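**Student:** Turn this into a structure:
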Amino acid sequence: MKATELVTKSADELNKELNDLLKAQFGLRMQKATQQLTNHSQIKKVRRDIARVRTVIKQKAAVK
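**Tutor:** Presented below is the predicted three-dimensional model:
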């Protein structure tokens with residue numbers, strides 16, 4: 001996911017995206033704990049996507 005894609009989304013869409021990413025992160029953490037996770041780089045990607053979404057949300061809030 002790119003930051004340019006996120007800038008065009010509305011606040012509601014960004015919040016939905018953030019919730020989806022947080023659920024995905026939880027699922028990946030559970031897979032890691034039960035040793036079912038095969039691709040550990042997914043955790044890093046999801047963490048960075050969460051940070052991107054949160055950054056865009058804060059930038060939009062600062063503009064208002």
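**Student:** Show me where this protein has its helices.
**Tutor:** Remark: helices assigned in the chain by DSSP state H are 3-7, 11-33, 41-63.
**Student:** now the shortest one, how far from the chain's geometric center?
**Tutor:** By that I understand helix 3-7. 12 Å (CA atoms, centre = their mean, to the nearest Å).
**Student:** Repeat that for the second one.
**Tutor:** Centroid displacement of helix 11-33 relative to its chain, using CA atoms, centre = their mean, is 6 Å.
**Student:** That one to helix 41-63, inter-axis angle?
**Tutor:** Angle between the axes of helix 11-33 and helix 41-63 is 150 degrees (criterion: axes from the mean of the first three to the mean of the last three CA atoms, to 10 degrees).
**Student:** Can you list the buried residues in stretch 43-54?
**Tutor:** 43, 46, 49-50, 52-53 (16 or more other CB atoms under 10 Å). (C-beta placed from N, C-alpha, C; glycine too.)
**Student:** Over to stretch 56-64?
**Tutor:** Buried residues in stretch 56-64, defined by neighbour count with 16+ other CB under 10 Å: 56-57.
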